[in-house]
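Chemist: Structural data only, the sequence is not supplied:
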């Protein structure tokens, strides 16, 4: 081969290497501003901002749709689409003034008409807890002008609505959704049109990855992150492994802190940090069905509370990252926490004494306690099968209740059936679940899990707790609300409609080699609305 031929080949080779290196350099630079996030609790199905994981995991943190007000990192409220608001003296209405430069991602302006339509749409379709709340308490909305709307309620629940339901209600474009009759089934190409800091680009169904880009026209300014890749993982183990390998930077999902059992393993890899935040929620709790026998008997519930070994749950479920809870349920970080109530106590002797004195004794000699009238007792402990930590807790509690002679068994339900049983049919005796920070922060202090009034999902019709809850809901100021919260906790400590099983901080792992500047949020961790604007590539 001639020297000229060899030199030509070498020259072409060098050019190809230089070209490939240039492409790799550009690709690396492009990838530098891509935030890669993971989710496990909900699979991507419909590209529709009103279904999971969009309505909760994404838009609780204002990803593609922004509500009128937004939670700050300390869970106080801040302006969102509303630049300001005014609550009427009677507590029955709120006048919102909207920002004037907000647009939908299809270019149309966001108006007061969209806001009024959104509230009516959530109400008409009973969308989630917010829709049920509006169905019970929203009267109507008056459009004053393009950027002003007055929202009216049939009870003085304006303060309670503003700080909970309104802060979690995505505003949606009327020009799209007014034609949609079944919002939870809609899969049209415009189902992801929003007004948030990010715009939906595409969904790779086979890879289960969603791609989003920064909204350069967002009314509060373009976010610091140019692009987001949101990856679905079938299990929490798979998500954690992806984070340890560097495939994702963090997790984006609604209140799913990693259990303490993962903590020891997660502090080993380089470039992984555990972000620990005060948890306003209760990561594991037990709710009693007060429509069912024998859990509608107070002494029976008290006996169960003594039969449970709370420290064992902290050690086995949270790997020591937690505390034995108090009888009043609410965590110490919650405004209005009552510090005068005792901690829950594991005391087998007291459990047996309460059961014996209430007539729950073994009348047939089979080793299990029967009802006072001699009827056989078989008590299911219901749990969502997709929540491994809750299933494990149910198994532990089942063994502990059997130690005091109760014929209990774990009934592991599919997510859909569990949701139907817990929220709709409400025909359970014992259900193992959790309360989110939002669930505790609402004015009723998590009473929605156990009180049976419009807009709530519980089973208690005790007028005493209903009066307390309504007093909290109708509070005109913070002082009245906090006093009532304290009284609600006293009721819970005495009557035990629900038991907190673990208290503790919430743990969220993040990679530290690509992004820095996370803004941690109480209960929900570092991935949230405020981090969209505070993050920056490492070293920039």
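Modeler: Great, that's in hand. Note that the structure is predicted; figures quoted are calculated from it, not measured. Residues are numbered from 1 along each chain as shown.
Chemist: Surely residue 244 is in a helix?
Modeler: Yes. Counting by DSSP: H, G, I helix; E, B strand; the rest coil, residue 244 is found in a helix.
Chemist: The residue nearest to it when sequence neighbours are not counted and residue 229, how far apart?
Modeler: Among residues not flanking residue 244 along the chain, residue 269 sits closest, at 4.9 Å (CB to CB, 6 or more residues apart in numbering). C-beta: built from backbone N, CA, C; applies to glycine. According to CB to CB, to the nearest Å, residue 269 and residue 229 sit 21 Å apart.
Chemist: circling back to that earlier point, so the residue nearest to residue 244 sits in a strand?
Modeler: No. Counting by three-state DSSP, residue 269 falls outside a strand, being coil.
Chemist: Counting neighbours, what do you get for the closest residue in space to residue 310 that isn't next to it in sequence?
Modeler: Nearest residue to residue 310 in three dimensions, chain neighbours excluded: residue 324, at 4.3 Å (CB to CB, 6+ apart). Per other CB atoms under 10 Å, the neighbour tally for residue 324 reads 17.
Chemist: ok so, going back, neighbours of the residue nearest to residue 244, how many?
Modeler: 13.
Chemist: Over to the one 3 residues further on?
Modeler: The burial metric for residue 272, expressed as a neighbour count using other CB under 10 Å, is 18.
Chemist: And for residue 210?
Modeler: For residue 210, the neighbour count with other CB under 10 Å is 26.
Chemist: Pretty sure it sits in a strand.
Modeler: Yes. Checked against three-state DSSP, residue 210 lies within a strand.
Chemist: Which residue lies closest in space to it, excluding its sequence neighbours?
Modeler: residue 230 (4.3 Å).
Chemist: cool, and residue 499?
Modeler: Per CB to CB, 6+ apart, closest to residue 499 is residue 286, 4.5 Å.
Chemist: Pretty sure that neighbour sits in a strand.
Modeler: Yes. Counting by three-state DSSP, residue 286 falls inside a strand.
Chemist: hey, where'd the strands end up in the stretch 1-150 of the chain?
Modeler: Counting by DSSP state E, counting those that start in this stretch, the stretch 1-150 of the chain has strands at residues 34-39, 69-71, 77-79, 82-87, 93-98, 138-145, 148-153.
Chemist: now the stretch 251-400 of the chain
Modeler: For the stretch 251-400 of the chain, strands defined by DSSP E, counting those that start in this stretch occupy the ranges 272-277, 282-288, 379-384.
Chemist: Confirm for me that residue 169 is in contact with residue 128.
Modeler: No. The criterion here is CB atoms under 8 Å, and residue 169 misses it with residue 128 at 9.3 Å.
Chemist: residues bridging contact with the two, i.e. touching both?
Modeler: Common contacts of residue 169 and residue 128, defined by CB atoms under 8 Å, 6 or more residues apart in numbering, comprise residue 122.
Chemist: The two: which is more packed in?
Modeler: Just comparing residue 169 and residue 128: by other CB under 10 Å the higher neighbour count belongs to residue 169, 26 against 18.
Chemist: Would you mind listing the residues in contact with the more buried one?
Modeler: By CB under 8 Å, 6+ apart, the contact set of residue 169 is 67, 68, 118, 119, 122, 130.
Chemist: Repeat that for residue 306.
Modeler: Taking CB under 8 Å, 6+ apart, we find residue 306 in contact with 345, 346, 347, 348, 350, 351, 354.
Chemist: could you give me the average pLDDT of stretch 167-176?
Modeler: Mean pLDDT, stretch 167-176: 98.
Chemist: still on that earlier bit, the residue nearest to residue 210 belongs to a strand, doesn't it?
Modeler: Yes. Assessed by three-state DSSP, residue 230 belongs to a strand.
Chemist: residues touching the nearest residue to residue 319 once chain neighbours are set aside, list them.
Modeler: Leaving aside its sequence neighbours, residue 319 sits nearest to residue 260 (CB to CB, 6+ apart; 3.6 Å). By CB under 8 Å, 6+ apart, the contact list for residue 260 reads 317, 318, 319, 320, 321, 322, 504, 507.
Chemist: ok, the fifth one - how many residues close by?
Modeler: Same thing as residue 321. Neighbourhood size, residue 321 [other CB under 10 Å]: 24.
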